[in-house]
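[1] Next comes the sequence, and after it the predicted model I'd like to discuss.
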Amino acid sequence: KLNGDRAELATVDNKVYIQNRYGGAFRHKVANAKDFLKLPNRTCFDGEVFKGNFYPFELLACNAVSLLLTEVHERVALAKDLTKFLGHPWMFDPPSLQWLMRRKTNLPIYEGAVLKKVGSRYIMLGSPSQSNLSWFKRLWA
């Protein structure tokens, strides 16, 4: 878990849209947003904005094809491939046990870890108070 703000980024008809975790407009400038226009139209990612850049961790749609029903490992692998294509760093490789045991020394870049259930589909929550049983966030604090 990067020490940033959760966001979704989508490209639609040569424009980039970024929303916060609650579905509202993301109010801060995202320096690398226009890079995502190099990808097919109607591509959408879930990710984090950290130090002014967007870092995807899952691909939700590409070329207007929804990936919400694909398994998490597929969405992650495709997000990684497109991130590498753009020349951006991939920030979400699975951590080693040694890295996890360092906990707070991973700050300020990483504030924790997210564990996702193998084979899980992408579930959009209806409100900020709902939780998803397919993933679990663990912060160092």
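    Okay, I see it. The structure presented is a predicted model; accordingly, all values stated were derived computationally and were not measured. Numbers count the residues shown, from 1 in each chain.

[2] Give me the pLDDT for residue 45.
    pLDDT, residue 45: 98.

[3] just residue 48 next, same as before
    97.

[4] helices or strands up against the strand or helix carrying it?
    Here residue 48, judged by DSSP states H and E, is contained in strand 43-50. With contacts taken as 3 or more Cβ pairs under 8 Å, 6 or more residues apart in numbering; DSSP states H and E, strand 43-50 sits against strand 5-12, strand 53-62, helix 72-86. (Each C-beta comes from the backbone N, C-alpha and C, glycine too.)

[5] what's residue 73 in contact with, if anything?
    118-119 (Cβ atoms under 8 Å, 6 or more residues apart in numbering).

[6] what separates it from residue 135, distance-wise?
    13 Å (Cβ to Cβ, to the nearest Å).

[7] Tell me how many other residues surround residue 120.
    Using other Cβ atoms under 10 Å, the number of residues around residue 120 comes to 15.

[8] Show the pLDDT at it.
    On the pLDDT scale, residue 120 gets 83.

[9] Shouldn't it be within a helix?
    No - counting by DSSP: H, G, I helix; E, B strand; the rest coil, residue 120 is located in no helix; its state is coil.

[10] what separates the nearest residue in space to it that is not next to it in sequence from residue 109, distance-wise?
    Using Cβ to Cβ, 6 or more residues apart in numbering and skipping residues adjacent in sequence, the residue nearest residue 120 is residue 134, 3.6 Å away. Noted for residue 134: a distance of 25 Å to residue 109, by Cβ to Cβ.
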